[in-house]
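*Asks:* coordinates only, sequence not included:
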């Protein structure tokens with residue numbers, strides 16, 4: 001793909017480290033990276049405090065009214081007008097608070113997910129190519145599906161967690177003032193729910209991460225299959241990967257159903273445990289009321305508030321599994337964001353690139369098995385066609401990426417017009433370069449829109465003739481108005497290569513960088529393209545080509561050997 005390098009994102013180094021999962025109930029990185037999350041947390045705490053107050057007021061009013069009516073026989077509504085009004089206000093405020101919580105929870109959760117998705121996408125676009133490649137599938141899965149799992153966490157789990165931190169202790173204190181025995185029973189039985197939650201958490205540990213990993217693997221396999229389906233169909237092997245895809249799908253299904261099975265069982269255990277605990281309080285209150293050991297009003301208040309003590313913890317346990325998938329994906333997202341480096345060190349030098357000399361001086365770039373390239377030294381002169389050649393894996397494409405400033409070299413220096421690439425203002429530098437990567441990619445739209453991605457074109461007819469794309473246009477009924485899909489769907493591999501080459505040859509930019517430009521072209525088209533490159537170089541352009549075909553080497557003014565040092 002010919003990319004308008006001037007509009008390309010600024011790369012940043014992100015170490016492809018493992019997932020740094022946080023086992024805290026609330027990951028502090030969520031508040032650090034999302035302003036909407038911070039506002040939502042404040043709103044949730046505020047509404048929870050209001051909810052707690054209304055629950056307590058409602059219980060006290062109900063206890064006072066029922067106790068007075070049953071014990072004293074005061075059935076005149078006018079006598080209880082104040083309590084009934086307060087009760088109605090408390091119920092109304094609680095209903096409004098619950099409605100506000102539900103309404104703003106969905107809005108805020110959507111904004112939080114959008115912010116985090118934007119953060120991860122921004123970091124991914126700043127990654128250096130060699131660091132993005134091994135994490136591409138993982139990041140794509142997190143961005144497209146995984147991070148949406150944060151919605152249940154923000155909508156259900158977080159409010160339940162805040163209620164557990166506010167409603168449970170507050171209601172327990174009120175019960176203690178009303179009936180110390182009931183408070184003691186609750187105080188003893190309450191820790192059983194967190195204990196069972198911990199045991200269930202240990203049982204389900206890693207299930208969400210396994211589910212996400214299975215989904216990532218399945219997604220990457222499906223994408224690879226779809227990308228190569230035309231080739232497989234041409235070879236009659238389109239049914240070959242069916243068994244592997246079926247196995248991956250079954251593995252993902254088994255992992256998901258296993259997590260759901262544990263979630264359902266754990267919810268039943270927590271509900272049963274909370275019910276038994278409330279039943280103990282109710283039996284104690286009933287027996288003491290029968291024997292006259294406590295007042296009716298205190299017993300009613302304690303009985304109403306007892307379920308409210310356990311409710312938040314039951315909600316936390318219920319929502320925990322719904323939030324696990326989202327938090328597993330969020331942990332991977334945070335790992336990507338955390339690794340984003342400070343890019344403020346990039347240079348601000350602006351030089352005149354037309355006629356500029358490009359130099360490699362003893363350049364080394366670390367690779368998986370050593371350095372590739374290793375000790376690369378050479379000069380790329382304006383007005384000449386310079387070819388970087390060498391065996392596969394020697395680092396030719398990596399050298400081009402270092403020239404463009406997409407990656408940093410580990411030793412040596414790449415200079416343009418006497419200035420190190422790292423000291424250049426990248427927007428200015430990239431705006432002067434037309435780059436043809438090894439695998440051209442087209443965006444959905446018309447051919448004309450793809451052609452003009454790099455701005456104004458020059459000598460379009462001549463460029464089309466040089467690449468043979470004029471023949472392709474003659475075969476298309478809509479010409480330049482022909483629409484293509486993502487990756488150039490609708491064109492053959494050779495037609496995509498010709499369109500990408502046409503885009504490079506028709507640009508006004510003074511520096512042309514082409515990686516394997518004549519791949520997928522026949523001999524006649526290759527000679528025509530090479531002649532065009534020589535004419536552009538003769539006009540003063542700097543033409544840098546990566547390749548190893550004999551015809552390409554024969555057309556070069558200068559050949560620079562690229563080699564690797566394999567450890």
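*Replies:* Looks like it arrived, so ask away. Please read these numbers as outputs of a predicted model, since none were measured by experiment.

*Asks:* only C-alpha atoms for contact and neighbour calcs from this point on.
*Replies:* Fine.

*Asks:* next helix or strand past the top helix by length along the chain?
*Replies:* As assigned by DSSP state H, the longest helix anywhere in the chain is helix 242-290. Following helix 242-290 in sequence order, the next helix or strand is helix 296-338 (DSSP states H and E).

*Asks:* which helices and strands sit right next to the very next helix or strand once past that next one?
*Replies:* Next helix or strand after helix 296-338 toward the C-terminus (DSSP H and E): strand 358-364. Applying 3 or more CA pairs under 8 Å, 6 or more residues apart in numbering; DSSP states H and E, one finds that strand 358-364 contacts strand 376-380, strand 411-416.

*Asks:* Residue 305 is nearest to which of those?
*Replies:* Among the helices and strands packed on strand 358-364, the nearest to residue 305 by CA to CA is strand 411-416 (69.4 Å).

*Asks:* pLDDT on that closest one, on average?
*Replies:* Mean per-residue pLDDT for strand 411-416: 86.

*Asks:* can you give me how far whichever helix or strand comes after that strand is from the chain middle?
*Replies:* Next along the chain after strand 411-416, taking DSSP H and E as the criterion, comes strand 419-420. Computed by CA atoms, centre = their mean, to the nearest Å, the separation of strand 419-420 from the middle of its chain amounts to 35 Å.

*Asks:* From the rest of the structure, what touches strand 419-420?
*Replies:* With contacts defined as CA atoms under 8 Å, 6 or more residues apart in numbering, strand 419-420 is touched by 349, 413-414.

*Asks:* That strand pairs with which strands, parallel or anti?
*Replies:* Sheet pairing of strand 419-420 (DSSP bridges) gives strand 411-416 (antiparallel).

*Asks:* Quick one: residues in contact with the strand it pairs with.
*Replies:* Contacts for strand 411-416 (CA under 8 Å, 6+ apart): 353, 356-365, 375, 402-403, 420-421.

*Asks:* Mind checking which of these are buried?
*Replies:* The neighbour-count test (16 or more other CA atoms under 10 Å) marks 353, 356-360, 363-365, 375, 402-403, 420-421 as buried among the contacts of strand 411-416.

*Asks:* Am I right that residue 501 is in contact with residue 438?
*Replies:* No: at 11.2 Å, residue 501 and residue 438 do not qualify as touching, with contact defined as CA atoms under 8 Å.

*Asks:* Now the common contact residues for the two.
*Replies:* Common neighbours of residue 501 and residue 438 (CA under 8 Å, 6+ apart) are residue 517.

*Asks:* Between the two, which has more neighbouring residues?
*Replies:* Neighbour comparison, residue 501 and residue 438: the larger count goes to residue 501, with 27 against 16 (by other CA atoms under 10 Å).

*Asks:* Find the centremost residue of the chain, please.
*Replies:* Nearest to the mean C-alpha position of the chain, counting by CA atoms, centre = their mean, stands residue 143 at 3.4 Å.

*Asks:* Okay, angle between the longest helix of the chain and helix 296-338 too, please.
*Replies:* Between helix 242-290 and helix 296-338, the angle comes out at 160 degrees (axes from the mean of the first three to the mean of the last three CA atoms, to 10 degrees).

*Asks:* what residues does whichever strand or helix holds residue 535 touch?
*Replies:* Counting by DSSP H and E, the element that carries residue 535 is helix 523-538. Contacts of helix 523-538 with the rest of the structure, by CA under 8 Å, 6+ apart, involve 382-385, 463, 466-468, 505, 518, 543, 551-552, 555.

*Asks:* do that again at 10 Å, thanks
*Replies:* With contact meaning CA atoms under 10 Å, 6 or more residues apart in numbering, helix 523-538 is reached by 381-386, 462-469, 498, 501-502, 504-506, 510-512, 517-521, 539, 541-545, 551-552, 554-557.

*Asks:* and it, which residues are buried?
*Replies:* Using 16+ other CA under 10 Å as the test for burial, helix 523-538 gives 525-527, 529-530, 532-534, 536-537.

*Asks:* Whichever helix or strand comes after that helix to strand 358-364, inter-axis angle?
*Replies:* Downstream of helix 523-538, the next assigned helix or strand under DSSP H and E is strand 542-546. Counting by the same axes, to 10 degrees, strand 542-546 lies at 30 degrees to strand 358-364.

*Asks:* what's the average pLDDT for strand 542-546?
*Replies:* Mean predicted lDDT for strand 542-546 stands at 88.

*Asks:* strands paired with that strand, and their directions?
*Replies:* Partners of strand 542-546 in the sheet, by DSSP bridges, are strand 385-389 (parallel), strand 511-515 (parallel).

*Asks:* what's next to the helix or strand following it, contact-wise?
*Replies:* Later in the chain than strand 542-546, the nearest helix or strand by DSSP H and E is helix 550-555. Applying CA under 10 Å, 6+ apart, the contact partners of helix 550-555 are 385-389, 516-518, 523, 526-527, 529-531, 533-534, 545-547, 559-560.

*Asks:* and with 7 Å instead?
*Replies:* Residues outside helix 550-555 that contact it (CA atoms under 7 Å, 6 or more residues apart in numbering): 387, 530, 559.

*Asks:* picking that back up, out of the buried ones among the contacts of strand 411-416, who's nearest residue 246?
*Replies:* Checking those against residue 246 by CA to CA gives residue 365 as the nearest, at 40.4 Å.

*Asks:* Look up how far residue 564 lies from the closest one.
*Replies:* For residue 365, the distance to residue 564 (CA to CA, to the nearest Å) stands at 9 Å.

*Asks:* same deal with residue 364?
*Replies:* 9 Å.

*Asks:* Give the residues shared as contacts by the two.
*Replies:* 371-374.

*Asks:* so what's the backbone phi/psi at the residue nearest to residue 132 when sequence neighbours are not counted?
*Replies:* Leaving aside its chain neighbours, residue 132 sits nearest to residue 124 (6.9 Å; criterion: CA to CA, 6 or more residues apart in numbering). As for residue 124, its main-chain torsions (degrees, to the nearest 10) stand at phi -60, psi -40.
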